[in-house]
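> Build the 3D model from these lines:
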Amino acid sequence: SNAWNSDRPLGQWYGVSTDKDGRVTRLDLNENLLQGPLPDIIGQLVRLQELILDHNQLSGNIPDTLKSEKLRIINLSHNKLEGAIPHSICKAIHIRKLYLGDNQLSGEVPECLVSL
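Predicted structure coming up:
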């Protein structure tokens, strides 16, 4: 089963990869018809390295809690996100790939992201 809310270890959940300690390192749920805002609690995934949620129907703002220093890849493209890119994303100092196209984002791109 691909169901979440299971008693299985997180690393066995669909779209979730974990490290040896069972902490989430990768969340890959692209093309899953996800709807609604990204929850602020996503910022509590402190070992998250890859966040891949493209081609869904996510809406609202990108949470300013999305700032883990371990993040390397963020793909939120092809959603319905709006508002500005939060400056807090600059705290994700290891970011190498950031995909935000095909949303309704507005405002200035934070200076730290210009060189990506």
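
> from memory residue 91 sits against residue 66, does it?
No: under the criterion of C-beta atoms under 8 Å, residue 91 makes no contact with residue 66, lying 9.2 Å away. All C-beta atoms are positioned from the backbone trio N, CA, C, and that covers glycine.

> Pick out whichever of these two has more residues nearby.
Set side by side, residue 91 and residue 66 give different neighbour counts by other C-beta atoms under 10 Å, the larger being at residue 66 (22 against 15).

> okay, that one: pLDDT?
Residue 66 carries a pLDDT score of 91 in this model.

> In contact with it, which residues are there?
With contact set as C-beta atoms under 8 Å, 6 or more residues apart in numbering, residue 66 has these partners: 38, 42, 43, 51, 74, 86, 88, 89, 92.

> give me the beta-bridge partners of the spatially most central residue of the chain?
For the chain, residue 51 is the residue whose C-alpha lies nearest the centre (C-alpha atoms, centre = their mean; 3.7 Å). According to DSSP bridges, residue 27, residue 74 are recorded as the beta-bridge partners of residue 51.

> Distance check, it against residue 7.
Distance, residue 51 to residue 7, using C-beta to C-beta, to the nearest Å: 25 Å.
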